[in-house]
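Trainee: coordinates for the following, if possible.
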Amino acid sequence: MANQKTNKYDMFSDSHENNSMMTALAGRLIEARNKSIQNILSDFEGSEHKLEYVKTINGIDFINDSRSINSNAVWYALESMTKPITWIMNINNQEELTEALLDSIHNKVKNIVIQGVYNSKILDFFSGLNKKVYFSMNLEDAVRTAFYSSEPGDVVLFSPGIGSSGIYPTYRERGDKFKDAVAQL
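Mentor: Okay, the predicted model is just below:
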């Protein structure tokens, strides 16, 4: 009976190692939680590359949504706009277009600028939606095309709908390139 603990907390005071281990574990949990919170908060509107207002030129707003790398994110971006949209996108596969996204394109999008490798099927598909459709090989030309095809009161939304796909290492670099192209107008 002499070896029996008299206090329920005594099992943690037997060694300094237990306290150090518990402290390290608690620190890791807090760090993981903070990173998770940072990731969640960084996805909100207004964070860099997510529905980020860039500039207004001649009454046309430019919005950087380079973080939108799938149809759900593009749908959200389109639904967030209250003005007629000239949409700069990179989607090159019809199967990626959901019914909800197609409804948003039909109701909100005025012009479509397809940026990237030429794909006649996707160009024909979007042309069949009775929208003005343009094609551009690089982002600088896409931004210029979007600007000149828009009117005061419109918004140019860069919401690619796919990952950076090798052209740019990350969506951040792609978004920065969009902002640079807008600055050159």
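Trainee: check which helix or strand covers the residue nearest in space to the middle of the chain.
Mentor: The geometric centre of the chain, computed from its C-alpha atoms, lies nearest to R67 (Cα atoms, centre = their mean), at 1.8 Å. Taking DSSP states H and E as the definition, R67 sits outside all helices and strands.
Trainee: isn't it up against T170?
Mentor: No - counting by Cβ atoms under 8 Å, R67 sits too far from T170 to count as a contact (10.0 Å). From N, CA and C alone the C-beta is placed, and that goes for glycine too.
Trainee: break the protein down into its domains, please.
Mentor: Under the assignment named as automatic domain parsing, the residue ranges that make up the domains of the chain are 11-42, 52-183.
Trainee: distance of Y148 relative to K179?
Mentor: Distance of Y148 to K179, given as Cβ to Cβ, to the nearest Å: 18 Å.
Trainee: please enumerate the helices of the chain.
Mentor: Secondary structure of the chain by DSSP state H: the helices cover 16-42, 71-80, 99-108, 120-127, 139-149, 171-183.
Trainee: what about the chain, any weak spots by pLDDT?
Mentor: Confidence mapping of the chain against pLDDT under 70 gives the ranges 1-47, 165-166.
Trainee: OK, contacts around Y118?
Mentor: With Cβ atoms under 8 Å, 6 or more residues apart in numbering as the criterion, the residues that contact Y118 are 135, 137.
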